[in-house]
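Visitor: this one's sequence-less:
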């Protein structure tokens, strides 16, 4: 679990660093400008890291399923080599997803309007600037991003249905421990996938509410993901409690 958490935290850090610095600069300046090249680079990186995030969350669900439902074979199946292979597969899947989105966008004929109603570059706002019929391209975007998000979410829900079905026969203490292990992951999955599904499982049009949902995907979910996992760990809770008690004792003295 901690092996995948390390890579999830790394992808979260890179993911939020792709969007947050430019957003902070735009909030402090009057003119919000991004060059075409920087926009295309941001488009590729954000989809690459977002794809890795989706696949790592799926890998963690598989890891939880094996640890709870196949615990006698867990150490045999989830070896260091198999975990490294899963991470390589996650990066490969993220690259393929990002490359397809990038290739769908970079060859579009942009002319005339040059303003997007969004705080970073991703596919849907850019399609509005294209001077061609975007119906087919919009459908391909839905098939790519929307289908990946939907299938990943369905697989995650099926894995947790199997987990819940398995732990019903466990003793109360073991059942509580299993639920505690999975609860952090479920919270992160909901924070990330619900906004992503709202954005991509629909035609290639934009709404003013998209900014809020995109904010959840790109900043809020990656920012709170490590915090959620930390606060769900008994060791971390004990360490935080000791730190606060120490601070209170110092203040009283």
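Guide: Right, received. Where do you want to start? Quantities reported herein were computed from a predicted structural model and do not represent experimental measurements. Residues are numbered from 1 along each chain as shown.

Visitor: how many other residues sit next to the closest residue to residue 192 other than its chain neighbours?
Guide: Among residues not flanking residue 192 along the chain, residue 221 sits closest, at 4.4 Å (Cβ to Cβ, 6 or more residues apart in numbering). For the C-beta atoms, the positions are set from N, CA and C on the backbone; glycine is no exception. Per other Cβ atoms under 10 Å, the neighbour tally for residue 221 reads 25.

Visitor: same thing with residue 21?
Guide: Quick note: residue 21 (other Cβ under 10 Å) scores 10 neighbours.

Visitor: hang on, residue 170 is in a strand, isn't it?
Guide: No - per DSSP: H, G, I helix; E, B strand; the rest coil, residue 170 lies outside any strand segment and is coil.

Visitor: now the phi/psi pair for it, please.
Guide: phi -80, psi 160 (degrees, to the nearest 10).

Visitor: give me the phi and psi for the residue nearest to it when sequence neighbours are not counted.
Guide: Leaving aside its sequence neighbours, residue 170 sits nearest to residue 178 (Cβ to Cβ, 6+ apart; 6.7 Å). Main-chain dihedrals, residue 178, degrees, to the nearest 10: phi -70, psi -40.

Visitor: look at residue 178 and report its pLDDT.
Guide: Here, the pLDDT recorded for residue 178 equals 73.

Visitor: please tell me how far it sits from residue 56.
Guide: Applying Cβ to Cβ, to the nearest Å, the value for residue 178 to residue 56 is 21 Å.

Visitor: do residue 209 as well
Guide: 27 Å.

Visitor: which one's more surrounded, the two?
Guide: A count of neighbours by other Cβ under 10 Å puts residue 56 above the other of residue 209 and residue 56, at 24 against 10.

Visitor: now the strands for the stretch 1-150 of the chain?
Guide: Using DSSP state E, counting those that start in this stretch, the stretch 1-150 of the chain contains no strands.

Visitor: quick one: the helices in it?
Guide: Under the criterion DSSP state H, counting those that start in this stretch, the stretch 1-150 of the chain contains helices at 2-28, 36-69, 74-77, 80-106, 123-127, 135-141, 147-167.

Visitor: among those, which comes closest to residue 191?
Guide: Comparison of these against residue 191 by Cβ to Cβ identifies helix 36-69 as nearest, at 10.6 Å.

Visitor: now the closest one and helix 80-106, what's the angle there?
Guide: 150 degrees (axes from the mean of the first three to the mean of the last three Cα atoms, to 10 degrees).

Visitor: ok, the residue nearest to residue 192 - contacts?
Guide: 188, 191, 192, 195 (Cβ atoms under 8 Å, 6 or more residues apart in numbering).

Visitor: let me know how buried the second one is, in neighbour terms.
Guide: Yep, that's residue 191 we're talking about. With other Cβ under 10 Å as criterion, residue 191 counts 19.

Visitor: what secondary structure does the residue lying closest to it once chain neighbours are set aside sit in?
Guide: Counting by Cβ to Cβ, 6+ apart, residue 221 is the residue found nearest to residue 191 once chain neighbours are left out, at 4.2 Å. Following three-state DSSP, we place residue 221 in the helix state.

Visitor: thinking again about what came up before, any chance of the helices of the stretch 1-150 of the chain in TSV, with distance to residue 243 too?
Guide: Output for the helices of the stretch 1-150 of the chain, formatted as TSV (distance: least, Cβ to Cβ, whole Å):
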stretch	distance to residue 243
helix 2-28	21
helix 36-69	28
helix 74-77	33
helix 80-106	32
helix 123-127	44
helix 135-141	47
helix 147-167	33
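
Visitor: format those helices as TSV; extra columns: distance to residue 216 and mean pLDDT.
Guide: Converted to TSV, the helices of the stretch 1-150 of the chain look like this (distance: least, Cβ to Cβ, whole Å; pLDDT from 0 to 100):
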stretch	distance to residue 216	mean pLDDT
helix 2-28	12	85
helix 36-69	12	86
helix 74-77	33	82
helix 80-106	19	88
helix 123-127	16	78
helix 135-141	19	75
helix 147-167	13	83
